[in-house]
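[1] The sequence isn't on hand, but the structure is:
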C-alpha cells in the first residue's frame, strides 16, 4: 500500500505520528521518534525503523519501559499498524533502535497451513469437490484465497482483479505459513 508523505512549505518531509499500542490495540501514547525510515515494496510488507532516546534535552521518555518487542506501532496518517522488535544501545547515550514490520505480514507469517490440497488428485477425490479457482466470492469452498484465509478468520479479502479471478492451478501446502503460501500463489 502506498503512503502519502506530507511536506512543509520548505519542502521538508513532515515526520509521521507514531503511536505505541498493546497487542489488544490499546493506545499508550505518541512516541518521540527520530531517524524514521519507511520502506515498502510489491513483494514484501511495509517496514519501519526509528530511534527513541531514553532521555532527550533533559526529558525522560515516558514510554521508555513500554517500548518492547511485539508491541504495536500505529501510524494514523497512513493507517498502518506495525509489529515491532527493539534493540537497546548504550554507546553514547541510551537509545532503543526499533524495527517494525506491517502487522498483516507479521501475523500471516505465524499462521501455518497443514495438509491443504488444492485441485490435486486427493482434492478431486473428495465427494464435495468443486474445481477451485483463485477467487470465487459466491462459493468460498471453490475459492483458493478463501480456503487459505479460513485459517485466519480475522482477515478478509479486499480486492481481486477480474482478470485473475478464474485462474485455476494445483497447489499443495503443508507446514507452510499463509504468507509463504501467498508468495507461492503469486509466483504461479
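    Received, thanks. Being a predicted model, the structure only gives us computed values, none of them experimental.

[2] quick one, helices of the chain?
    Using DSSP state H, the helices of the chain run over residues 103-108, 121-124, 144-149, 178-187.

[3] Of these, give the one that comes closest to residue 58.
    Ranking these by proximity to residue 58 (Cβ to Cβ) places helix 103-108 first, at 34.3 Å. Using the backbone N, CA and C atoms, a C-beta is placed for each residue, glycine as well.

[4] The closest residue to residue 28 other than its chain neighbours pairs with what?
    Closest residue in space to residue 28, ignoring its immediate chain neighbours: residue 20 at 4.5 Å, by Cβ to Cβ, 6 or more residues apart in numbering. For residue 20, the beta-bridge partners are residue 29, residue 73 (DSSP bridges).

[5] Isn't residue 177 up against residue 112?
    Yes. Residue 177 is within contact range of residue 112, at 5.5 Å (criterion: Cβ atoms under 8 Å).

[6] got a pLDDT number for the residue of the chain positioned farthest from its centre?
    Ranked by distance from the centre of the chain (Cα atoms, centre = their mean), the top residue is residue 127, with 36.3 Å. Per-residue confidence at residue 127 stands at 88 (pLDDT).

[7] helices and strands around the lengthiest strand in the chain, which ones?
    Ranked by residue count under DSSP state E, the longest strand found in the chain is strand 80-89. Contacts defined by 3 or more Cβ pairs under 8 Å, 6 or more residues apart in numbering; DSSP states H and E place strand 80-89 against strand 72-75, strand 95-102, helix 103-108.

[8] Could you export the ones you listed to TSV, including columns for mean neighbour count, mean pLDDT and distance to residue 24?
    Putting those into TSV (neighbours: other Cβ atoms under 10 Å; pLDDT from 0 to 100; distance: least, Cβ to Cβ, whole Å) gives the following:
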stretch	mean neighbour count	mean pLDDT	distance to residue 24
strand 72-75	20	96	9
strand 95-102	20	94	17
helix 103-108	19	90	13
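
[9] These into JSON lines, with extra columns for distance to residue 8?
    Compiled in JSON lines, the helices and strands packed on strand 80-89 are given as follows (distance: least, Cβ to Cβ, whole Å):
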{"stretch": "strand 72-75", "distance to residue 8": "18"}
{"stretch": "strand 95-102", "distance to residue 8": "24"}
{"stretch": "helix 103-108", "distance to residue 8": "29"}
